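> sequence first, then the predicted structure:
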Amino acid sequence: MKNKEKQGNSAMTLKLKTKNWMLIWGGVLFVFVGFYFLHLGSMVLAPILLSLGYFVIIPIGIIIR
């Protein structure tokens, strides 16, 4: 019984490669830089960087195989 459960769980795990991790960390970097610009008071550049990081780069890093 345990063997079948392990097989079922392995189908749901993410197998991320190096390029995926590089994209995800690039998105995290965009988010950090966006928060830094937000701290400086930029109301134009900060939301752009935050949106790109959260809604474009990180999801692409998760989705692309």
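Perfect, thanks for sending it.
> gap between the nearest residue to Asn20 once chain neighbours are set aside and Phe55?
Leaving aside its sequence neighbours, Asn20 sits nearest to Gly61 (C-beta to C-beta, 6 or more residues apart in numbering; 5.1 Å). Where you see a C-beta, it was placed from the backbone N, CA and C, and this is true even at glycine. Gly61 is 12 Å from Phe55, where distance means C-beta to C-beta, to the nearest Å.
> which ones are touching Ile64?
Going by C-beta atoms under 8 Å, 6 or more residues apart in numbering, Ile64 touches 19-20, 23.
> pick out whichever of Gly61 and Phe55 has more residues nearby.
The neighbour comparison of Gly61 against Phe55 (other C-beta atoms under 10 Å) goes to Gly61, with 19 against 11.
> name the element the more buried one belongs to?
helix 58-63 (DSSP states H and E).
> related to what we said a few turns ago, which of the contacts of Ile64 fall in strands?
Nothing among the contacts of Ile64 maps onto strands, per DSSP state E.
> out of those, which is nearest to His39?
Leu23 (24.9 Å; C-beta to C-beta).
> could you give the mean pLDDT of the helix holding Gly61?
Averaged over helix 58-63, pLDDT sits at 96.
> list the buried residues of it.
The neighbour-count check on helix 58-63 (16 or more other C-beta atoms under 10 Å) flags 58, 61 as buried.
> same question, stretch 16-34
20, 23-24, 26-27, 30-31, 34.
> residues in contact with that stretch: which ones?
Counting by C-beta under 8 Å, 6+ apart, 45-50, 52-54, 56-58, 60-62, 64-65 sit against stretch 16-34.
> hmm, 7 Å instead?
46, 49-50, 52-54, 57-58, 60-62, 64 (C-beta atoms under 7 Å, 6 or more residues apart in numbering).
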